[in-house]
Structures are given as structure tokens and as C-alpha cells.
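Engineer: my questions concern the predicted model and sequence given below.
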Amino acid sequence: MAQNQLFDISGKVAFVTGAGSGIGRDAARAYVEAGAAVALVDIYPERVEALEEELRGKGYKALAIQADVANEQSVKHAVEQAVEYFGHIDIVLNNAGFCPSDSVEEFGELEWNHTFAVNVNSIRNTSKYILPLFREQGHGKVVNIASIAVSVYNTGKYFLKDTYPASKAAIVALTKTLAARYAKYGITVNAIGPGTYKSRMTEAVYSNEQRLKEYSERVPAQRPALPGELNGTILYLSSSASDYVQGQVIFVDGGISLL
Ligand SMILES: NC(=O)c1ccc[n+]([C@@H]2O[C@H](COP(=O)([O-])OP(=O)(O)OC[C@H]3O[C@@H](n4cnc5c(N)ncnc54)[C@H](O)[C@@H]3O)[C@@H](O)[C@H]2O)c1
């Protein structure tokens, strides 16, 4: 492959979960700017419909799909809608997530299970319906959004409590087992561990100046991620440039996972 085509994703279709906000929405914008079409999947239809309108208004190919990634039938239907509309899927960005702040002692079983359902079962669900398509076409890119929470257990006064890191660690294990099994079909499965990034999920951090300052002082880069700062790694793991990269977690975190 010519060097200048390594990062080329034009004509590809990306299935982006949690596309209605934050990291997923920024990634969807990056995918279309790089020439791909996007299936915008979110539990809140109004969020992805607004993004669909924005992207189509700029001449890009986008389809809003309402789905609950924690629900297998809902994901099955979403995959069918994307394939019917675009004809194929080449990339899946498993990004939808839920971040509770309770500990095992405070948590009800329902909340614990919900966290795992949204963060982990979701990847099981998309994998079940998208990996067979990837296998059949002989290529496919899976990018899973984990977190620095798999390597940083104490962010100063603000501990990331039990459930969320446990669910993100499960994503890493799933990333590695799927990568090992599906590599022979021309499929790559990798993960990204973002540090703090402005989104709905981190509103409590960004609306508290003192808290953001304390976090920033701990990060070697002395600041949280800037909007769009995950996109380079997302596009890399979604393109041929990463065809020999399997089961890796790339931390995009200003160095906080080094502490
Ligand atoms: N923002 C950060 O600092 C940060 C850091 C590390 C990892 N992450 C991870 O990045 C991912 C994206 O988070 P974000 O910060 O952009 O959050 P966000 O809350 O801004 O966006 C998440 C999106 O996922 C959607 N979603 C939630 N549950 C869903 C479900 N069951 N089905 C379909 N869609 C659902 C939400 O509606 C929302 O639009 C998550 O997996 C999160 O754990 C975020």
C-alpha cells in the first residue's frame, strides 16, 4: 500500500455508539472529515438526529439510529439499519459508556449490573452482529473506548470508584481475546484509554474549577485533553496504518497513566 494511503478511510462506514455527545460526537465529525460515512448510534434519538442534520448539512453521509447498546435485540436492529442504508460496515467505535461514582458498599446490584451492561455487554452485542460481517468481507476495525481508570486508581481526592474501573478493565480483556481470535480474518481489535475529556460525563469536573485544577496539576502534560485530541488515535486505529496492531490499549491522557 502506498504510504499516503495508510490513513485513508474514504468510502468506509463507521458504526459509532454513543455518537450523540462528547467523544463519540467528536469522533463522528472526524470520521466524516476523513471521508468515511457514519452510523450515529445513541440511546437518545434527538442527540444523533441533531448530529445527522449537522453532518448532512455539510454534505457528509450520516444516519441517526436510536438504540440501547446494552440490549442485544436493539443492537441487532441498529446493525441491520446501518447495513441496509450504507451496504456495509468497516469500522466500529464502541464508545457508549456510563460512569457511576458509587462504591461497592453504596451500590445496589441493579446499578452495578447496569454499568457492566452499558460498558461491557454493549461490546459483546456489537461484536456478535458486526464481527461476522467483518469476517465475511475479510477486513474490519474495532476500536473500544476504555479509560485511564484501568491504570490510574487514585486521581487525588477524587477516586474513580470500583464499578467503572472494573468494567473498563473487562473491556481491555475483551479487546485482547477478540484481537487474538479475529486477527487471522484481517480484523483488528484495539482500545483507547482516554484521560479526562470535556463531555456530558465530565460536567461535574469541568464545572468545578478547583477540581479541574487539581486534576491538571497531577497530569504530566498539566492539562486535560483538548476537544478532538482523541481523534488522531481513533483514526489511526480505524485505518490501515494499524493493520498489524492487535489487542493494544493506547492511553491518550497527557501521561497520567505513567504515574
Ligand atoms: N470524558 C472522559 O473524560 C472520558 C475518559 C475516559 C473514558 N471515557 C469514555 O468515553 C466514552 C464516551 O464518554 P463521553 O465522555 O463522551 O460521555 P458522554 O456522556 O458525553 O457521551 C456518552 C454517550 O453515550 C450514550 N449512551 C449512554 N448509554 C447508552 C446506551 N445504553 N445505548 C446507547 N447510547 C448510550 C449517551 O446518550 C451519550 O450520548 C465512554 O465509554 C466513557 O466511559 C470518557
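Structural biologist: Nice, I can see it. Treat the numbers as computed from the prediction; the structure is a model and nothing was measured. Numbers count the residues shown, from 1 in each chain.
Engineer: most centrally placed residue in the protein?
Structural biologist: The C-alpha lying nearest the average C-alpha coordinate of the chain belongs to residue 95 (Cα atoms, centre = their mean; 2.5 Å).
Engineer: was I right to think that residue contacts residue 24?
Structural biologist: Yes - between residue 95 and residue 24 there is a contact under Cβ atoms under 8 Å: 4.2 Å. Bear in mind the C-beta positions are built from the backbone N, C-alpha and C, glycine included.
Engineer: what touches both of those two?
Structural biologist: 16, 17, 18 (Cβ atoms under 8 Å, 6 or more residues apart in numbering).
Engineer: out of those residues, which one sits closest to the ligand?
Structural biologist: residue 18 (2.8 Å; Cβ to the nearest ligand atom).
Engineer: what is the neighbour count of that closest one?
Structural biologist: Residue 18 has 31 neighbouring residues, counting by other Cβ atoms under 10 Å.
Engineer: what's the burial count for the residue lying closest to it once chain neighbours are set aside?
Structural biologist: Of all residues not flanking residue 18 in the chain, residue 96 sits nearest, at 3.2 Å (Cβ to Cβ, 6 or more residues apart in numbering). Using other Cβ under 10 Å, residue 96 is surrounded by 26 other residues.
Engineer: tell me the secondary structure for residue 96?
Structural biologist: Recorded secondary structure, residue 96: coil (DSSP: H, G, I helix; E, B strand; the rest coil).
Engineer: OK, contacts around it?
Structural biologist: Per Cβ under 8 Å, 6+ apart, neighbours of residue 96: 17, 18, 24, 41, 42, 43, 69, 118, 122.
Engineer: closest one of these to the ligand?
Structural biologist: residue 18 (2.8 Å).
Engineer: I'd say that closest one and residue 95 touch.
Structural biologist: Yes - applying Cβ under 8 Å as the test, residue 18 and residue 95 come out as touching, 4.4 Å apart.
Engineer: what residues are shared contacts of the two?
Structural biologist: Common neighbours of residue 18 and residue 95 (Cβ under 8 Å, 6+ apart) are residue 24.
Engineer: that's a strand at residue 228, yeah?
Structural biologist: No - read with three-state DSSP, residue 228 is coil and lies in no strand.
Engineer: burial measure for the nearest residue to residue 32 once chain neighbours are set aside, as a count.
Structural biologist: Once flanking residues are discounted, residue 32 sits nearest to residue 60: 3.8 Å by Cβ to Cβ, 6+ apart. By other Cβ under 10 Å, 18 other residues sit near residue 60.
Engineer: for residue 34, same thing?
Structural biologist: Neighbours of residue 34 (other Cβ under 10 Å): 18.
Engineer: what's it sitting at in phi/psi?
Structural biologist: Dihedral pair for residue 34: phi -90, psi 0, per degrees, to the nearest 10.
Engineer: next up, the contacts around it.
Structural biologist: Contacts of residue 34 (Cβ under 8 Å, 6+ apart): 7, 9, 10, 235.
Engineer: let's see 10 Å
Structural biologist: 7, 8, 9, 10, 12, 14, 231, 234, 235, 238, 239 (Cβ atoms under 10 Å, 6 or more residues apart in numbering).
Engineer: one more: residue 9?
Structural biologist: 30-31, 34-37, 90-91, 141, 235, 238-241.
Engineer: where does the stretch 51-200 of the chain dip in pLDDT?
Structural biologist: For the stretch 51-200 of the chain, the stretches flagged by pLDDT under 70 are 155-157, 159.
Engineer: wait, what's in contact with the residue in it that the ligand sits nearest to?
Structural biologist: For the stretch 51-200 of the chain and the ligand, the shortest gap (Cβ to the nearest ligand atom) falls at residue 97, measuring 2.2 Å. Contact analysis of residue 97 by Cβ under 10 Å, 6+ apart lists 17-18, 22-24, 69, 115, 118-120, 122, 145-147, 164, 167-168, 171, 199, 201.
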